[in-house]
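In: The following block contains a protein sequence and its predicted model.
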Amino acid sequence: MSDTLKPGLTATCRITVDTARTIGFMGEELRVYSTPSLLYDVEVACRELILPHVGEGKDSVGTRVEFDHVGATLLGMWVEITVKLTEVNAPAVTFEFSARDALEEVARGKHSRFVVGLEKTAQRLKAKQAKAAGG
């Protein structure tokens, strides 16, 4: 990992809530940003923040989330997700995040990721796949 991977790094991304990101179980008139979609977008924002700093052949995987979804965002509205790297204990990293739409805060929490080597991870997953196929 690069010595540029330090607490304090921040990024903000803006996402428009499309139909695929909404719940549909309350009917078409009540479509709002789903918690799983918002969580996915937070994970992507955190990953993209650190990716330039982890080095070639490395990536990160999510390991923990503390997530408060505190407001509904309507279909078609935008959401800004701001992530801040708060702790680096290589290879573990921790973020704080917040999300807001044009009117209010809609989410906040913490997210932990683990930096992994792609080659080693591929080997580990292939070994698990082989074990699962044999058992």
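Out: Done, it's in.
In: Give me the packing partners of the longest helix seen in the chain, helices and strands only.
Out: Longest helix in the chain, counting residues (DSSP state H): helix 35-54. Here helix 35-54 touches strand 10-16, strand 58-69, strand 78-89, strand 92-101, strand 105-117, going by 3 or more CB pairs under 8 Å, 6 or more residues apart in numbering; DSSP states H and E. Every C-beta, even on glycine, is put in place using the N, C-alpha and C of the backbone.
In: Give me the nearest residue to the residue nearest the centre of the chain, chain neighbours excluded.
Out: The centre of the chain sits closest to Glu43, judged by CA atoms, centre = their mean, with a distance of 0.5 Å. Nearest residue to Glu43, sequence neighbours excluded (CB to CB, 6 or more residues apart in numbering): Gly62, at 5.2 Å.
In: what does Ala92 give?
Out: Ala92 sits nearest to Phe114 (CB to CB, 6+ apart), 5.5 Å away.
In: Measure how the helix or strand of the chain with the lowest mean pLDDT sits relative to strand 105-117, angle-wise.
Out: One helix or strand of the chain scores below all others by mean pLDDT, DSSP states H and E: helix 118-134, with a mean of 95. Orientation check (axes from the mean of the first three to the mean of the last three CA atoms, to 10 degrees): helix 118-134 against strand 105-117 gives 90 degrees.
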